[in-house]
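Engineer: Fold the following and give me the result.
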Amino acid sequence: MITVRISFKKKNEASYISLLDMQRVMQRVLKRSGLPVWHTLGFNPHIYMTFACPLSLGQESECECVDVKTEAEAPDFAQWKEALNAIMPAGIEVYNVEPVQMKADLIAYACYEISYPADAAPVLAQYNALESVPVEKKSKRKTKTVELKEYVPALELHEAGEWVHFPICLPASQDLTLNPSLLVAFLEEKFGLPAANANILRTKFLTADKKAFA
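Structural biologist: Residues are numbered from 1 along each chain as shown. Take a look at the predicted model:
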């Protein structure tokens, strides 16, 4: 049995599909495609699927992936890609299908590009002068304070037309995961930049030694 990784982009209106709904979307698309995916056993069999690092609602991504299994001996992955894209909802595009090379638990960082309207650039630049950026990370069990400057020491601003962009990489491991919305919320509270004006795009995953996750 082969474990197959389906890599896809999730943008525009698709960014508002929650993880639970995304699971339903993938179940339906895989069933409609007729591809030879493996189903779990028991009274209620369903397609085996695992997603890496669920994406927050409203955020876009160029590097989403879901793992499925197949008992096919020699899958035609180009045909898989074509069959899936033919019936995917708007905003979701499969760009690669191949056997799993790295397990999802090797992901240590998620990298993002955050964009604001260009007139926000002078305000964003003020972040770099701050010595400390404490933010509260909330979980089901507790709330703890995290020093964001340890992970985002400065914003490298790049202006392009009507937008200003900056990249960041944040922990995304089993031990610690930080959502870029923490930074966006801080920028709103500290400088008055509306969080609604920020566009968050996840661009890639990295392993602990900063190698590209595949």
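Engineer: Out of all residues in the protein, which is the farthest from the middle?
Structural biologist: Phe43 (32.8 Å; CA atoms, centre = their mean).
Engineer: now it: how far from Val66?
Structural biologist: 24 Å (CB to CB, to the nearest Å). (C-beta placed from N, C-alpha, C; glycine too.)
Engineer: in which helix or strand would I find the residue nearest to the spatial centre of the chain?
Structural biologist: Centroid-nearest residue in the chain: Leu55, 4.5 Å away (criterion: CA atoms, centre = their mean). Using DSSP states H and E, Leu55 maps to neither a helix nor a strand.
Engineer: Quick check: chain neighbours aside, which residue is closest to it?
Structural biologist: Of all residues not flanking Leu55 in the chain, Ser61 sits nearest, at 5.3 Å (CB to CB, 6 or more residues apart in numbering).
Engineer: and the one you found, that one's in a strand?
Structural biologist: Yes. Residue state for Ser61 (DSSP: H, G, I helix; E, B strand; the rest coil) corresponds to a strand.
Engineer: from here on, count from 4
Structural biologist: Taking 4 as the first residue, the last one we looked at is Ser64.
Engineer: Contacts for stretch 100-107, please.
Structural biologist: Applying CB atoms under 8 Å, 6 or more residues apart in numbering, the contact partners of stretch 100-107 are 5-10, 53, 55-56, 68, 70, 80-81, 83-84, 87, 210, 216-217.
Engineer: Likewise for stretch 175-191?
Structural biologist: With CB under 8 Å, 6+ apart, stretch 175-191 has contacts from 56, 59, 62, 108, 110-113, 115, 117, 126-127, 130, 136, 138, 140, 149, 151, 154-155, 171, 173-174, 196-198, 201, 203, 208, 211.
Engineer: just stretch 68-81 next, same as before
Structural biologist: 4-11, 29, 33, 38-41, 50-55, 100-101, 103, 107.
Engineer: hey, where'd the helices end up in this protein?
Structural biologist: 22-36, 80-88, 124-128, 184-194 (DSSP state H).
Engineer: Tell me which of those sits nearest to Leu160.
Structural biologist: Smallest distance to Leu160 across the helices of the chain (CB to CB): 5.7 Å, for helix 124-128.
Engineer: then that closest one to PDB, C-alphas only?
Structural biologist: Written as PDB, here are the backbone C-alpha positions of helix 124-128 (Å, rounded to 0.1, in the frame of the first residue of the first chain):
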ATOM      1  CA  ALA A 124       4.300  50.800   5.300                       C
ATOM      2  CA  PRO A 125       5.500  53.700   7.600                       C
ATOM      3  CA  VAL A 126       3.400  52.300  10.400                       C
ATOM      4  CA  LEU A 127       4.700  48.700   9.900                       C
ATOM      5  CA  ALA A 128       8.300  50.000  10.000                       C
END
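Engineer: and Thr6, what is it in contact with?
Structural biologist: Asp70, Val71, Lys72, Pro102, Val103.
Engineer: where's the residue nearest to it when sequence neighbours are not counted relative to Leu109, distance?
Structural biologist: Among residues not flanking Thr6 along the chain, Val103 sits closest, at 4.5 Å (CB to CB, 6+ apart). To Leu109, Val103 is 11 Å away according to CB to CB.
Engineer: Lys145 too?
Structural biologist: Lys145 is 27 Å from Leu109, by CB to CB.
Engineer: which one of those two has more residues nearby?
Structural biologist: Between Lys145 and Leu109, Leu109 has the larger neighbour count (other CB atoms under 10 Å), namely 17 against 7.
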